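Peer 1: Sequence and predicted structure, then a few things I'm wondering about:
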Amino acid sequence: MRLIVHGQQAYGKSVLEAILDKAVDEVVAVYCAPDKEGRPLDPLKEFALQKGLPVYQPESYKNPEVCDQLASHDADLCVMAYVLLFVPEEALNVPKFGSIQYHPSLLPWHKGPSSINWPIIMGRKKTGLSIFWPDNGLDTGPILLQKEVEIGPDDTLGSIYFDSLFPMGVDAMLESIDLVRAGNAPREAQDPDDGSYEGWCRKDDVQVDWSKSTDEVYNTIRGANPQPGAWTTFDGNEVKIFDSRKADGSGEPGAVLSIDDSGAVIATGDGAVRVIKVRADAGKLTTAEYAAAAGLEVGSKLGS
């Protein structure tokens, strides 16, 4: 088939690379997000240019001229690998077989832009990925295929994405292209009354409330690691929390129960969490290093 690859960043680059390595289909055009002044080239764009592929970067896909441009490629399928700009159905349906898109959750659950963060924060035991046929809704189109991923008790946003959803997603894209080429790609409609939608997981969503249960505190920290980074305060200054583990202990929520080279144990509403790495004004540090620099000691209080 003649393919358009539309995406950005490392995932988009990896999907394009995998398609080229497989050497079954022809990539006739690459679309990616517009350049940002002062920022390095998008990895997808840089790789596509190295391979001599034409690259297009529309500011909007609502412009009829963009649809005409898409049509000029005479493509069979558009493969959407991490796309944040809204693409209307008029553009999605330009290729002969339309467009397929990657989404890192088990649709219809966790529609929206932070679909890896929220299942972890909510304490879910599994998540996954969906390849679907996008429409004018937000992650609402028919499902082509899905893959499940277990969320381990110590998994983070980073581990779930980089160890599972990223590599599995590249393979799932190739599998989906094969199904479209063979003429037997499913289109299982999503139930509009089922599932969930969550917006961006932002800073305000991941301020640690030490009075909550250990599970809730721990899930917030690991679901925001590395982005946007759970945070608390000490002595009026913000401190981002990254690596952590559940720990034994009890005390007033937010109180520092112990500090050693393995981290600081902080009391929660019903137990404790060991904070191992943080980021503060001095950069990313072990908690022991931060404690020495900031004057954090046993009996200090976080979050007040």
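Peer 2: Done, it's in.

Peer 1: got any ranges where the stretch 201-304 of the chain has weak pLDDT?
Peer 2: Judged against pLDDT under 70, the stretch 201-304 of the chain has no low-scoring part.

Peer 1: Show the pLDDT at the residue nearest to the spatial centre of the chain.
Peer 2: Per C-alpha atoms, centre = their mean, the C-alpha nearest to the average position across the chain is that of Ile116, at 5.1 Å. You'll see Ile116 listed with a pLDDT of 98.

Peer 1: Which residues are in contact with it?
Peer 2: Ile116 makes contact with 104-105, 127, 157, 160-161, 165 under the criterion C-beta atoms under 8 Å, 6 or more residues apart in numbering. (C-beta placed from N, C-alpha, C; glycine too.)

Peer 1: and it, how far is that from Arg39?
Peer 2: 23 Å (C-beta to C-beta, to the nearest Å).

Peer 1: And the chain, what are its domain boundaries?
Peer 2: The chain resolves into domains spanning 2-182, 203-294 when parsed by automatic domain parsing.

Peer 1: secondary structure class for Phe47?
Peer 2: Secondary structure assignment for Phe47 (DSSP: H, G, I helix; E, B strand; the rest coil): helix.

Peer 1: Surely it and Ala18 touch.
Peer 2: No. Taking contacts as C-beta atoms under 8 Å, Phe47 lies outside contact range of Ala18: 11.5 Å.

Peer 1: Run through the helices of this protein in chain order.
Peer 2: Along the chain, counting by DSSP state H, helices occupy 9-22, 43-50, 64-71, 89-92, 117-121, 157-160, 166-182, 214-223, 287-294.

Peer 1: between those, which gets nearest to Gly263?
Peer 2: helix 287-294 (4.6 Å; C-beta to C-beta).

Peer 1: Against which helices or strands is that closest one packed?
Peer 2: When contacts are defined as 3 or more C-beta pairs under 8 Å, 6 or more residues apart in numbering; DSSP states H and E, helix 287-294 sits against strand 256-260, strand 263-267, strand 277-280.

Peer 1: Which neighbouring elements make contact with the first one?
Peer 2: If you count contacts as 3+ C-beta pairs under 8 Å, 6+ apart, strand 256-260 packs onto strand 263-267, helix 287-294.

Peer 1: Near the closest residue to Gly249 other than its chain neighbours, how many other residues are there?
Peer 2: For Gly249, ignoring the flanking residues on the chain, the nearest one in space by C-beta to C-beta, 6 or more residues apart in numbering is Ala272 at 3.5 Å. Ala272: 26 surrounding residues under other C-beta atoms under 10 Å.

Peer 1: With Tyr161 instead?
Peer 2: 20.

Peer 1: so how far is Glu17 from the spatially closest residue to Ser304 that is not a sequence neighbour?
Peer 2: Closest residue to Ser304 apart from its sequence neighbours, by C-beta to C-beta, 6+ apart: Gly254 at 6.2 Å. Gly254 sits 46 Å away from Glu17, taking C-beta to C-beta as the criterion.

Peer 1: go on, Gly223?
Peer 2: 29 Å.

Peer 1: Which of the contacts of Ile116 are buried, as a PyMOL select command?
Peer 2: For the buried members of these, the matching PyMOL selection, counting by 16 or more other C-beta atoms under 10 Å, is:
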select buried, resi 104+105+127+157+160+161+165
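
Peer 1: Widest-spaced pair of the contacts of Ile116?
Peer 2: That would be Ser105 and Leu157, which, of these, are the farthest apart (C-beta to C-beta) at 12.5 Å.

Peer 1: What is the neighbour count of the residue lying closest to Val149 once chain neighbours are set aside?
Peer 2: The spatially closest residue to Val149, leaving aside those adjacent along the chain, is Ser164, at 4.6 Å (C-beta to C-beta, 6+ apart). By other C-beta under 10 Å, 22 other residues sit near Ser164.
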